[in-house]
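S.K.: here you go, sequence then predicted model.
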Amino acid sequence: MEGRTGDDASLVDRLRRGEPRAFEELVIAYQHRVFGVALRMLGSRAEADELAQEVFLRVHRAVAEFRGDAKLSTWLYAIASRLCLNRLTSGERRMAREGEETLARLASGHASPADELERSELEAALHRAIAELSDERRIVVVLRDLEGLSYEEIAAALELELGTVRSRLHRARMDLKEKLERFLP
Amino acid sequence: MTCHDAREAFSALVDGALGADERAALDGHLATCAECRRELQRFRDTVALLRGLFLPWPVKLPIEAAAIVLVTVGVVYVYRATPELQQSVRLEPTSPAVTEKPRLTPEPSAPSSSPEKNQPQEQDKAGRSMEKKMAAPPPAARDEASRRAADLRDASPDAGRQKEAGRPAPAAPPVGGKVEAPPVRAGREPEVAQERARARAAPVPESRADAPRAQRPATGPSGVLSFVPPDVSGRLAVSDRAAALRGLAELVARLGAVESRRVDASDATLVELTIPREAYPELARQLGRLGRWQPSQEPAALPVQVRVVLRITG
């Protein structure tokens, strides 16, 4: 994990000075990632929406405390991940979730109807398999395979040992492999 | 190396996270074990499947730039225009539901789910030993690592709050004092006033996770903020923006739509509205009369209430 990049350093400095435009730039730059993590973890667009708002409000409040030793993105992932995990374990979650259909729809791109049908089935199976992972394994898969974080960044964001990250990721992928056997070539 | 040990290393192999010794041992095993080679291929296929489907959001979601800007402005406006929110941010008490570290079940560093898990001790040792190689940073890196860890601890929802208890938030006005005005650009006062009025009238985004759910912001058409991509988005190129906006306002009233947000930028006006599904085709037709309507995102199946974001240029 590297420290702040040049762009990040400049953005953080401007955020600390309270530049209005800097906060807008922060949201524009990171909203997809924050929303993506929240959606994959919570499974509901409405909840992901709420959580993303909460993440940015917390960032707005706490940016003065951010010393810049970690990457800005890692800091945001840390906040988003913890809020997701807290919400998942808080017991106050909405019972109704929008489920795989929404996720599959979100993930679909442009393809022929036949491809779309086949992919929808595959995507639905994949989303279902991911949703069935335990929370602590799912967050590691999301951060690694969706967001592309390194093991070190995940360890920092989740305050885990590297070995634990590696172990959880491996277990999660093995679980997914077992559940997706029929789609494998 | 046993088959179990080899398979435990698959994930790190795929990520290029194996040390040289581990890699050599794994390669040695794979050279003599066809079954593990087959399993490794299936493991690789699974990861490829996962990564192929999980392309980054900007690639997979053609979100209109307008929606992004609306969201951004919405966050800033609502924060600044809502004194209750600023107070809650500054004064909220510790909230266990949010501030505690995630209550996760401790997981062994190298658990086993295979039939060989009857020998957990030795395997755990091996696993931990391998993990320690990864987990223990070189001495020179430790200070750096601890600084970063401190930064990320500060990111925890409670850290900022605790530290903030004794000092005002950087951008927050004194409690109970005058609310800082949002940035107002020339000619934008009416929109800003509307935005602030809407922000005050709308539910306040509650930053406390233990607060009653009813206090959370509504999402969808009535919500002030939304990170959810619109159902339909596109660009409406017109010759006279003011006339087009008047025409759009008439359309909104006639078709039973609701305009939820509007943001003026120098080169475009962004309008978010919600319209009943059955009225959407007529809206699309009429937009074509107002200017050149180019939807960039228009799914075949629309929800009952369609959220539309227009970027009106001209």
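M.R.: All right, it came through fine.

S.K.: contacts and neighbour counts: CA atoms only from here.
M.R.: Noted.

S.K.: in chain A, which residue sits closest to chain B?
M.R.: A:Gly163 (4.3 Å; CA to the nearest CA).

S.K.: could you look up the SS state of A:Gly68?
M.R.: coil (DSSP: H, G, I helix; E, B strand; the rest coil).

S.K.: again with B:Ser260
M.R.: Applying three-state DSSP: B:Ser260 is strand.

S.K.: so it sits against B:Thr274, correct?
M.R.: Yes. Counting by CA atoms under 8 Å, B:Ser260 touches B:Thr274, with 7.3 Å between them.

S.K.: the residue lying closest to B:Gln286 once chain neighbours are set aside: how many residues sit nearby?
M.R.: Computed as CA to CA, 6 or more residues apart in numbering or on different chains, the closest residue to B:Gln286 that is not its neighbour in sequence is B:Leu251, at 7.7 Å. Using other CA atoms under 10 Å in any protein chain shown, B:Leu251 is surrounded by 16 other residues.

S.K.: does B:Leu251 really touch B:Leu283, like I thought?
M.R.: Yes. Using CA under 8 Å, B:Leu251 is in contact with B:Leu283, at 7.1 Å.

S.K.: for the residue of chain A closest to chain B, give me phi and psi.
M.R.: The phi/psi pair for A:Gly163 (degrees, to the nearest 10) reads phi -60, psi -30.

S.K.: so A:Gln52 versus A:Val142, what's the distance?
M.R.: Slight slip there: residue A:52 is Ala, not Gln. 16 Å (CA to CA, to the nearest Å).

S.K.: correction: the previous question concerned B:Arg42.
M.R.: From B:Arg42 to A:Val142 the distance is 20 Å (CA to CA).

S.K.: name the residue in these two with the higher neighbour count.
M.R.: It is A:Val142, of B:Arg42 and A:Val142, that has more neighbours when counted by other CA under 10 Å, with 23 against 19.

S.K.: got a list of what that one touches?
M.R.: A:37, A:40-41 (CA atoms under 8 Å, 6 or more residues apart in numbering or on different chains).

S.K.: dump those to CSV, plus secondary structure and pLDDT.
M.R.: CSV is the format used below for these (DSSP: H, G, I helix; E, B strand; the rest coil; pLDDT from 0 to 100):
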residue, secondary structure, pLDDT
A:Val37, helix, 90
A:Arg40, helix, 86
A:Met41, helix, 89
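
S.K.: ok, A:Leu39 touching A:Glu50?
M.R.: No. The criterion here is CA under 8 Å, and A:Leu39 misses it with A:Glu50 at 10.3 Å.

S.K.: now stretch B:284-292: buried residues?
M.R.: Within stretch B:284-292, the residues that count as buried by 16 or more other CA atoms under 10 Å in any protein chain shown are B:287, B:290-291.

S.K.: how is chain B divided into domains?
M.R.: B:1-54, B:59-93+B:176-313 (automatic domain parsing).

S.K.: what's the least confident stretch among those domains?
M.R.: Mean pLDDT values for the domains of chain B show the minimum at domain B:59-93+B:176-313, a mean of 62.

S.K.: so what's B:Glu278 closest to, chain neighbours aside?
M.R.: In space, B:Glu278 is closest to B:Val304, 8.0 Å off (CA to CA, 6+ apart).

S.K.: my read: that neighbour touches B:Thr274, true?
M.R.: No. Using CA under 8 Å, B:Val304 is not in contact with B:Thr274, being 9.9 Å away.

S.K.: neighbour count winner among the two?
M.R.: Neighbours were counted for B:Val304 and for B:Thr274 using other CA under 10 Å; B:Thr274 has more, 24 against 11.

S.K.: would you mind giving the secondary structure of the more buried one?
M.R.: Going by three-state DSSP: B:Thr274 is strand.

S.K.: likewise B:Val306?
M.R.: strand.

S.K.: now it: how far from B:Ile312?
M.R.: The value you get for B:Val306 to B:Ile312, if CA to CA is used, is 18 Å.

S.K.: out of these two, which sits in the busier spot?
M.R.: Between B:Val306 and B:Ile312, B:Ile312 has the larger neighbour count (other CA under 10 Å), namely 26 against 21.

S.K.: element containing that one, please.
M.R.: strand B:305-313 (DSSP states H and E).

S.K.: show me what that strand is packed up against.
M.R.: For strand B:305-313, the packing partners by 3 or more CA pairs under 8 Å, 6 or more residues apart in numbering or on different chains; DSSP states H and E come out as helix B:65-81, strand B:232-237, strand B:268-276.

S.K.: before we move on, back to that, and the contacts of A:Val142, which are buried?
M.R.: A:37, A:40-41.
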